[in-house]
Structure formats: C-alpha cells, structure tokens
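Undergrad: Structure, please.
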Amino acid sequence: MNSMRLLQACLLAFLLASCTSLARPPGVHPHALPQVPGQVSSAAWEEDMQRFAAEDAAMPPPAHAIVFIGSSSIRLWDTLAADFPGVAVINRGFGGSELRDSTWYADRIVIPYAPRQVLLYAGDNDLFSGRAPMQLQQDFRAFVQRLRRDLPGVGIAYISNKPSPSRVHLLAPQREANALIREEATRLQVAYIDVFTPMLDAEGKPREDLFIADRLHMNRTGYDLWRRTIAPYLAK
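TA: So this is what the prediction gives:
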C-alpha cells in the first residue's frame, strides 16, 4: 500500500511539473516572467497597447514630441492637439488605468517615441481602488526612474489628482497623495502641475460645471481649465 501511494505521489508531481513547463515559454525561467497582477491593475490594457501599435504603424508619430500618458482624463482629451497648436503631441491615455500601469507599459508607449517631455496624469483610479497615498508616491518615483533609465534628459511633469463630484469621498486622500507626490517631484526635479486647487469651488468642493453627467469625466469647460493650467509647463 505504501509503494502504491508513493507511485501515485510521483505521478502527480510529474504531471504538475509538465503543466508548469507548458504554461511558460520554452527556455524561460519562471522567475523571469513578469508578474502582471503585481504590476498592472488590469491585463485588459493589452488591447490598448495593440491599438496604439497599429496606429503607429499606420501613421508614425512625430519625433521628439510631448507624450501625454495616463488614465481616462487623458484618453478622452480628443482636442489635445488643437488645444496646444504648434506643439507636437501624442495622446497615449488608456481609460481606467493606474499610475503603475503607465510605468509597466512605458517600454511600448513612451520610450520608443524618444519624447522631449512626458506629462503624466494618473492617481485617482488608484485611490478609488484602495491604494494608499504613500503607494502613489512610490509608484510615481518608479515611473520617473523608469523613464530616466532610457531617457535621461527627458522632461517630466505630473498633473495632480483632480477632484471629482462623484468621488468627493476621496478628497482627503487625494490631498495627501498630491502633497506626497509634489514633495517627491521637487526632489526628483519633476514639474508638478496643480489642477486640484482651481477645480474646487469657494466651499472647497469639486466644481460641478467642469464635468459631464457622470460627474467623473470632464466637459469642455474642464479641459479648457486644464489647457490654461498646463500650457505654461510645456517644453518649448
């Protein structure tokens, strides 16, 4: 009976090892594979990356442009080029993304463009999903370090978390995250663009007139405010 159990255990171990080897590319050590769940908030962004690649193949983006990257506030900025006439811009926002996602995909939607400047907007989705302000500070540092590894001279600017009526419960952690990132940006010599303050009303609440019906995404008035606030920070 003991011999039979030993044989069964060996057979099970063999089958598990076989399945594991089939689950990864040949010749790749398991620890060398990227741990996607620990790095990005959703594997679904791969579809966006493939779409960006197709767009680049069909119409190569301008060299040494300014890349805007981040979540839906960037993705939905469909007047970005018109709002900054005479400036070569590339919109690489992918909706719902978190700050760490932009770091993870920098190899594909930032580094290849050799931009002269990168503007990042990400963070409020992170807080909404439960990440802490200190984690955002760490994610921001990782983003800057990743870009400067391959693009040591690139200009970087961070657009602060925006206050939204639908996420008014996040105002306190947003303030904390913005303060931590601003402090980190100063240390790393990164520009910090405050859109949080001008998007509040006299009572310190998010301005309803800046948002569409979902009270999360901005309308034309909101983007006009961003345009005026961001313009002075753009690389010439």
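
Undergrad: Return the residues in contact with the spatially closest residue to residue 190 that is not a sequence neighbour.
TA: Closest residue to residue 190 apart from its sequence neighbours, by Cβ to Cβ, 6 or more residues apart in numbering: residue 156 at 4.6 Å. Where C-beta positions appear, they are placed from N, C-alpha and C, glycine not excepted. By Cβ atoms under 8 Å, 6 or more residues apart in numbering, the contact list for residue 156 reads 117-120, 144, 147-148, 188, 190-191.

Undergrad: Residue 97 now?
TA: By Cβ under 8 Å, 6+ apart, the residues touching residue 97 are 41-42, 45, 70-72, 122, 125.

Undergrad: do the same with residue 190
TA: Neighbouring residues of residue 190 by Cβ under 8 Å, 6+ apart: 144, 156-158, 184.

Undergrad: Could you rerun that using 7 Å?
TA: Counting by Cβ atoms under 7 Å, 6 or more residues apart in numbering, residue 190 touches 144, 156-158.

Undergrad: Quick check: it vs residue 51, distance?
TA: Relative to residue 51, residue 190 is positioned 28 Å away (Cβ to Cβ, to the nearest Å).

Undergrad: Of the contacts of residue 156, which belong to helices?
TA: Among the contacts of residue 156, the ones falling in helices (DSSP state H) are 144, 147-148, 188.

Undergrad: buried subset of those?
TA: Burial by neighbour count, judged by 16 or more other Cβ atoms under 10 Å, picks out 144, 147, 188 from these.

Undergrad: burial count for residue 236?
TA: Neighbour count for residue 236, taken as other Cβ atoms under 10 Å: 5.

Undergrad: go on, residue 155?
TA: Residue 155: 18 surrounding residues under other Cβ under 10 Å.

Undergrad: Please renumber the chain so that the first residue is 48 from this point on.
TA: I'll keep to 48 as the first residue from here, and by that count the last item is residue 202.
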